[in-house]
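In: let's see this in three dimensions:
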Amino acid sequence: MSGELTVLLLSTLLALAHILLAAHFKTKQYGVEWNMGARDEALPPLNDIAGRLDRARGNFLETWPIAIIALLAVEATGRTSAVTAALAWTWLGARLVYLPLYWTGVPRLRTLVWAVGLLALLGIVAILLLG
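Out: Below you'll find the model as predicted:
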């Protein structure tokens with residue numbers, strides 16, 4: 001299996017981690033009855049940690065489709081290389097670092113790490129379009 005597909009599969013575990021962490025801290029705040037219910041009631045805003053984890057989850061899910069498309073496209077076109085693999089691993093590494101940075105409320109470094117991940121994805125897209 002290529003490095004790009006390995007990254008893609010590992011990113012599914014990271015997606016699950018985002019979803020489960022956000023859900024855990026929401027449930028911790030709102031309770032099990034809320035979690036198991038229809039969730040129709042108005043609720044107070046999430047506390048700091050639950051809010052950050054929910055936003056981190058949303059951020060991951062906004063950019064993950066771009067990674068899926070780029071990584072599958074590089075695989076489907078036979079354009080995998082040491083460069084595309086390094087870019088894929090850089091994206092995944094950045095996303096792994098991003099989660100605890102957002103969780104703990106680190107502001108500027110978190111944005112820089114996010115940008116590194118995005119630039120890695122854009123590098124793969126550039127290779128596909130221009131290479």
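
In: against Tyr30, how distant is Pro44?
Out: As judged by C-beta to C-beta, to the nearest Å, Pro44 and Tyr30 stand 9 Å apart. Any C-beta I mention is one placed from the backbone N, CA and C, and that applies to glycine too.

In: how about Arg110?
Out: From Arg110 over to Tyr30 the distance is 25 Å, taken as C-beta to C-beta.

In: who's more crowded, those two?
Out: Set side by side, Arg110 and Tyr30 show more neighbours around Arg110, with 21 against 17, by other C-beta atoms under 10 Å.

In: which residues touch that one?
Out: Arg110 sits next to Tyr98, Leu101, Tyr102 when contact means C-beta atoms under 8 Å, 6 or more residues apart in numbering.

In: what pLDDT does the model give the second one?
Out: When you say that, I think you mean Leu101. Per-residue confidence (pLDDT) for Leu101: 98.

In: so where does it fall, helix or strand?
Out: Assessed by DSSP states H and E, Leu101 sits inside helix 82-103.

In: out of the contacts of Arg110, which is nearest to Gly37?
Out: Of all the contacts of Arg110, Tyr102 has the smallest distance to Gly37: 27.5 Å, by C-beta to C-beta.

In: which residues outside the helix or strand bottoming out on mean pLDDT in the chain are in contact with it?
Out: Taking mean pLDDT, DSSP states H and E as the measure, the helix or strand of the chain with the lowest value is helix 32-36, at a mean of 91. Residues outside helix 32-36 that contact it (C-beta under 8 Å, 6+ apart): Ala23, Lys26, Thr27, Glu41, Leu43.
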